[in-house]
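With the input below, show me the fold.
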Amino acid sequence: MVLKIGGFNSGVLVLAVVLHILFYYALHKLKSKPQDILNSVVFCYLLIIASLLVSSLIYDSFFDGNAYHQEAVVRLRDGWNPYYKAVPDASAHNHVVNFPKFTWVYASVISDIFGNIELGKSYNIIFLLAAFFYTLAFTQKFQSNKLVSLGLALLFVLNPFTLALLFSYYVDGLIALLVLISLLALINFEQSTDNSGRIENLLLLTAVSILAINAKFNGFACGIILVAYILKALCQKQYQNTFWLTAGGGG
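Numbers count the residues shown, from 1 in each chain. Next comes the predicted model:
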(Lines give C-alpha, C1' and ligand atoms only; values in the text may rest on other atoms or scores of the structure.)
Protein backbone atom coordinates (compact mmCIF):
# COMPACT_ATOMS: atom_id res chain seq x y z
CA MET A 1 0.00 0.00 0.00
CA VAL A 2 2.80 2.43 0.83
CA LEU A 3 4.41 1.74 -2.55
CA LYS A 4 1.02 2.05 -4.30
CA ILE A 5 1.26 -1.43 -5.78
CA GLY A 6 -2.27 -2.07 -6.98
CA GLY A 7 -3.87 -5.35 -7.93
CA PHE A 8 -2.96 -8.83 -6.80
CA ASN A 9 -1.88 -11.85 -8.75
CA SER A 10 -0.23 -15.23 -8.34
CA GLY A 11 3.17 -13.53 -8.17
CA VAL A 12 2.26 -11.99 -4.79
CA LEU A 13 1.31 -15.44 -3.49
CA VAL A 14 4.53 -17.04 -4.77
CA LEU A 15 6.65 -14.28 -3.23
CA ALA A 16 4.92 -14.70 0.14
CA VAL A 17 5.47 -18.47 0.08
CA VAL A 18 9.15 -18.14 -0.85
CA LEU A 19 9.80 -15.55 1.88
CA HIS A 20 8.02 -17.72 4.44
CA ILE A 21 10.06 -20.82 3.56
CA LEU A 22 13.35 -18.88 3.67
CA PHE A 23 12.50 -17.32 7.03
CA TYR A 24 11.38 -20.66 8.47
CA TYR A 25 14.58 -22.36 7.28
CA ALA A 26 16.78 -19.60 8.73
CA LEU A 27 15.01 -19.91 12.08
CA HIS A 28 15.24 -23.70 12.35
CA LYS A 29 18.33 -24.73 10.37
CA LEU A 30 20.54 -25.02 13.45
CA LYS A 31 18.30 -27.36 15.43
CA SER A 32 16.37 -29.30 12.77
CA LYS A 33 17.32 -31.61 9.92
CA PRO A 34 16.59 -30.40 6.36
CA GLN A 35 14.14 -33.27 5.86
CA ASP A 36 12.25 -32.33 9.03
CA ILE A 37 12.06 -28.71 7.88
CA LEU A 38 10.75 -29.81 4.49
CA ASN A 39 8.14 -32.06 6.11
CA SER A 40 6.98 -29.21 8.35
CA VAL A 41 6.66 -26.79 5.42
CA VAL A 42 4.70 -29.31 3.31
CA PHE A 43 2.40 -30.13 6.23
CA CYS A 44 1.85 -26.40 6.85
CA TYR A 45 0.76 -25.72 3.27
CA LEU A 46 -1.45 -28.79 3.16
CA LEU A 47 -3.32 -27.38 6.17
CA ILE A 48 -3.59 -23.97 4.50
CA ILE A 49 -4.96 -25.54 1.31
CA ALA A 50 -7.47 -27.55 3.36
CA SER A 51 -8.53 -24.35 5.16
CA LEU A 52 -9.12 -22.59 1.85
CA LEU A 53 -11.13 -25.50 0.47
CA VAL A 54 -13.36 -25.78 3.54
CA SER A 55 -13.95 -22.02 3.60
CA SER A 56 -14.97 -22.05 -0.05
CA LEU A 57 -17.73 -24.56 0.68
CA ILE A 58 -19.38 -22.72 3.60
CA TYR A 59 -21.27 -19.46 3.09
CA ASP A 60 -20.85 -16.67 5.64
CA SER A 61 -24.40 -16.23 6.94
CA PHE A 62 -23.60 -13.66 9.64
CA PHE A 63 -24.89 -10.11 9.29
CA ASP A 64 -21.59 -8.27 9.85
CA GLY A 65 -19.77 -10.42 7.33
CA ASN A 66 -22.21 -9.43 4.61
CA ALA A 67 -22.84 -5.89 5.88
CA TYR A 68 -19.31 -4.48 5.90
CA HIS A 69 -16.54 -7.11 6.13
CA GLN A 70 -17.04 -8.35 2.58
CA GLU A 71 -17.66 -4.81 1.37
CA ALA A 72 -14.24 -3.79 2.68
CA VAL A 73 -12.61 -6.84 1.08
CA VAL A 74 -14.15 -6.00 -2.30
CA ARG A 75 -13.10 -2.34 -2.08
CA LEU A 76 -9.50 -3.31 -1.24
CA ARG A 77 -9.51 -5.91 -4.00
CA ASP A 78 -10.76 -3.32 -6.48
CA GLY A 79 -7.99 -0.84 -5.71
CA TRP A 80 -8.90 1.16 -2.61
CA ASN A 81 -5.69 2.13 -0.79
CA PRO A 82 -6.58 3.31 2.76
CA TYR A 83 -2.99 4.45 3.31
CA TYR A 84 -3.55 7.33 0.87
CA LYS A 85 -7.35 7.56 0.76
CA ALA A 86 -9.09 7.22 4.11
CA VAL A 87 -12.63 7.00 2.69
CA PRO A 88 -13.20 5.03 -0.54
CA ASP A 89 -16.39 7.00 -1.36
CA ALA A 90 -19.43 8.51 0.33
CA SER A 91 -21.41 5.25 0.18
CA ALA A 92 -18.88 3.27 2.24
CA HIS A 93 -20.03 1.71 5.50
CA ASN A 94 -18.63 3.55 8.53
CA HIS A 95 -16.92 0.37 9.81
CA VAL A 96 -15.09 0.00 6.49
CA VAL A 97 -13.31 3.26 7.20
CA ASN A 98 -12.59 2.86 10.91
CA PHE A 99 -12.03 -0.88 11.40
CA PRO A 100 -8.47 -2.34 11.52
CA LYS A 101 -7.77 -4.02 8.21
CA PHE A 102 -5.37 -6.98 8.62
CA THR A 103 -7.96 -9.67 7.88
CA TRP A 104 -9.43 -7.64 5.02
CA VAL A 105 -6.06 -7.24 3.32
CA TYR A 106 -5.48 -10.99 3.56
CA ALA A 107 -8.96 -11.74 2.26
CA SER A 108 -8.63 -9.26 -0.62
CA VAL A 109 -5.45 -10.98 -1.83
CA ILE A 110 -6.92 -14.47 -1.53
CA SER A 111 -10.26 -13.59 -3.13
CA ASP A 112 -8.55 -11.77 -6.01
CA ILE A 113 -6.20 -14.67 -6.75
CA PHE A 114 -8.82 -17.44 -6.52
CA GLY A 115 -11.96 -15.50 -7.50
CA ASN A 116 -14.03 -16.58 -4.48
CA ILE A 117 -14.66 -14.18 -1.62
CA GLU A 118 -15.63 -17.00 0.75
CA LEU A 119 -11.99 -18.15 0.79
CA GLY A 120 -11.07 -14.88 2.48
CA LYS A 121 -12.48 -15.98 5.84
CA SER A 122 -10.07 -18.94 5.94
CA TYR A 123 -7.90 -17.00 8.40
CA ASN A 124 -10.16 -18.29 11.18
CA ILE A 125 -9.40 -21.93 10.35
CA ILE A 126 -5.69 -21.27 9.76
CA PHE A 127 -5.24 -19.58 13.14
CA LEU A 128 -7.33 -22.23 14.90
CA LEU A 129 -4.99 -24.90 13.54
CA ALA A 130 -1.93 -22.83 14.46
CA ALA A 131 -3.24 -22.30 18.00
CA PHE A 132 -4.08 -25.99 18.33
CA PHE A 133 -0.63 -27.27 17.37
CA TYR A 134 1.13 -24.62 19.45
CA THR A 135 -1.05 -25.47 22.46
CA LEU A 136 -0.50 -29.18 21.89
CA ALA A 137 3.28 -28.72 21.91
CA PHE A 138 2.94 -26.67 25.09
CA THR A 139 0.80 -29.22 26.96
CA GLN A 140 3.08 -32.11 25.92
CA LYS A 141 5.90 -30.51 27.91
CA PHE A 142 3.93 -31.01 31.13
CA GLN A 143 1.73 -34.00 30.35
CA SER A 144 3.24 -37.34 29.29
CA ASN A 145 -0.16 -38.87 28.47
CA LYS A 146 -0.72 -38.02 24.80
CA LEU A 147 -4.51 -38.37 25.00
CA VAL A 148 -4.71 -36.01 27.96
CA SER A 149 -2.43 -33.54 26.18
CA LEU A 150 -4.56 -33.76 23.04
CA GLY A 151 -7.73 -33.27 25.05
CA LEU A 152 -6.36 -30.18 26.79
CA ALA A 153 -5.28 -28.63 23.48
CA LEU A 154 -8.70 -29.27 21.97
CA LEU A 155 -10.39 -27.84 25.05
CA PHE A 156 -8.45 -24.59 24.75
CA VAL A 157 -9.10 -23.96 21.05
CA LEU A 158 -12.44 -25.65 20.31
CA ASN A 159 -14.50 -23.47 22.62
CA PRO A 160 -18.09 -22.52 21.65
CA PHE A 161 -17.09 -18.90 21.01
CA THR A 162 -14.39 -19.73 18.46
CA LEU A 163 -16.37 -22.52 16.81
CA ALA A 164 -19.48 -20.37 16.38
CA LEU A 165 -17.53 -17.81 14.32
CA LEU A 166 -15.20 -20.22 12.50
CA PHE A 167 -16.88 -19.92 9.11
CA SER A 168 -17.59 -16.20 9.16
CA TYR A 169 -15.74 -12.94 8.60
CA TYR A 170 -16.04 -12.11 12.29
CA VAL A 171 -12.65 -11.67 13.98
CA ASP A 172 -13.60 -12.13 17.64
CA GLY A 173 -12.77 -15.83 17.56
CA LEU A 174 -9.45 -14.96 15.91
CA ILE A 175 -8.67 -12.49 18.72
CA ALA A 176 -9.36 -15.20 21.31
CA LEU A 177 -6.90 -17.52 19.57
CA LEU A 178 -4.25 -14.79 19.35
CA VAL A 179 -4.63 -14.05 23.07
CA LEU A 180 -4.13 -17.76 23.81
CA ILE A 181 -1.01 -17.93 21.62
CA SER A 182 0.44 -14.77 23.18
CA LEU A 183 -0.05 -16.12 26.71
CA LEU A 184 1.64 -19.43 25.89
CA ALA A 185 4.43 -17.65 24.00
CA LEU A 186 5.16 -15.56 27.10
CA ILE A 187 5.30 -18.66 29.29
CA ASN A 188 7.55 -20.44 26.78
CA PHE A 189 9.78 -17.37 26.55
CA GLU A 190 10.15 -17.27 30.32
CA GLN A 191 10.94 -20.99 30.55
CA SER A 192 13.29 -21.22 27.56
CA THR A 193 16.83 -22.20 28.51
CA ASP A 194 18.49 -21.48 25.15
CA ASN A 195 18.69 -18.30 23.08
CA SER A 196 17.11 -19.82 19.97
CA GLY A 197 14.00 -20.79 21.90
CA ARG A 198 13.74 -17.36 23.48
CA ILE A 199 14.19 -15.62 20.12
CA GLU A 200 11.59 -17.86 18.47
CA ASN A 201 8.97 -17.15 21.13
CA LEU A 202 9.81 -13.45 21.20
CA LEU A 203 9.32 -13.23 17.42
CA LEU A 204 6.03 -15.11 17.77
CA LEU A 205 4.92 -12.75 20.51
CA THR A 206 5.79 -9.72 18.38
CA ALA A 207 3.93 -11.13 15.36
CA VAL A 208 0.84 -12.02 17.38
CA SER A 209 0.74 -8.56 18.98
CA ILE A 210 0.92 -6.88 15.56
CA LEU A 211 -1.77 -9.13 14.08
CA ALA A 212 -4.10 -8.78 17.07
CA ILE A 213 -4.21 -4.97 17.12
CA ASN A 214 -4.56 -4.90 13.33
CA ALA A 215 -7.48 -7.33 13.42
CA LYS A 216 -9.65 -5.46 15.95
CA PHE A 217 -9.08 -2.81 18.59
CA ASN A 218 -9.83 -5.24 21.42
CA GLY A 219 -6.65 -6.98 20.29
CA PHE A 220 -5.08 -4.73 22.93
CA ALA A 221 -5.93 -7.66 25.23
CA CYS A 222 -2.64 -9.18 24.08
CA GLY A 223 -0.95 -5.98 25.20
CA ILE A 224 -2.53 -6.20 28.64
CA ILE A 225 -1.14 -9.72 29.08
CA LEU A 226 2.27 -8.55 27.88
CA VAL A 227 2.32 -5.57 30.26
CA ALA A 228 1.41 -7.87 33.16
CA TYR A 229 4.35 -10.13 32.31
CA ILE A 230 6.71 -7.15 31.96
CA LEU A 231 5.67 -5.89 35.40
CA LYS A 232 6.14 -9.38 36.82
CA ALA A 233 9.66 -9.61 35.35
CA LEU A 234 10.47 -6.13 36.63
CA CYS A 235 9.28 -6.93 40.16
CA GLN A 236 11.41 -10.10 40.11
CA LYS A 237 14.41 -8.01 38.96
CA GLN A 238 14.61 -9.96 35.70
CA TYR A 239 15.83 -6.91 33.84
CA GLN A 240 16.98 -8.74 30.72
CA ASN A 241 13.51 -10.31 30.29
CA THR A 242 11.95 -6.90 30.94
CA PHE A 243 14.03 -5.36 28.16
CA TRP A 244 13.33 -8.04 25.55
CA LEU A 245 9.61 -8.31 26.33
CA THR A 246 9.31 -4.52 26.09
CA ALA A 247 11.21 -4.54 22.79
CA GLY A 248 9.08 -7.39 21.46
CA GLY A 249 5.84 -5.70 22.47
CA GLY A 250 7.01 -2.40 21.01
CA GLY A 251 7.77 -4.20 17.74
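
Check which residues of the top helix by length along the chain are buried.
Secondary structure of the chain per DSSP state H: the longest helix is helix 34-57. Neighbour-count burial for helix 34-57 flags Ile37, Val41, Cys44, Ser51, Leu52, Ser55, Ser56 (criterion: 16 or more other C-beta atoms under 10 Å). Placement of C-beta: from N, CA and C, glycine included.

what's the answer for stretch 181-190, then?
Applying 16+ other C-beta under 10 Å to stretch 181-190 flags Ile181, Ser182, Leu183, Leu184, Ala185, Leu186, Asn188, Phe189 as buried.

For Lys31, report the pLDDT, please.
pLDDT recorded at Lys31 is 79.

who touches it in this structure?
Ser196 (C-beta atoms under 8 Å, 6 or more residues apart in numbering).

rewinding a little: for the buried residues of stretch 181-190, could you give me a markdown table that also reports secondary structure and pLDDT?
As requested, these are exported to a markdown table (DSSP: H, G, I helix; E, B strand; the rest coil; pLDDT from 0 to 100):
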| residue | secondary structure | pLDDT |
| --- | --- | --- |
| Ile181 | helix | 94 |
| Ser182 | helix | 91 |
| Leu183 | helix | 91 |
| Leu184 | helix | 93 |
| Ala185 | helix | 91 |
| Leu186 | helix | 89 |
| Asn188 | helix | 90 |
| Phe189 | helix | 88 |
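
circling back to that earlier point, not counting the helix or strand just after the longest helix of the chain itself, show me its contacts.
Downstream of helix 34-57, the first helix or strand assigned by DSSP states H and E is helix 63-64. For helix 63-64, the external contacting residues (C-beta under 8 Å, 6+ apart) are Ser168, Tyr169, Tyr170.
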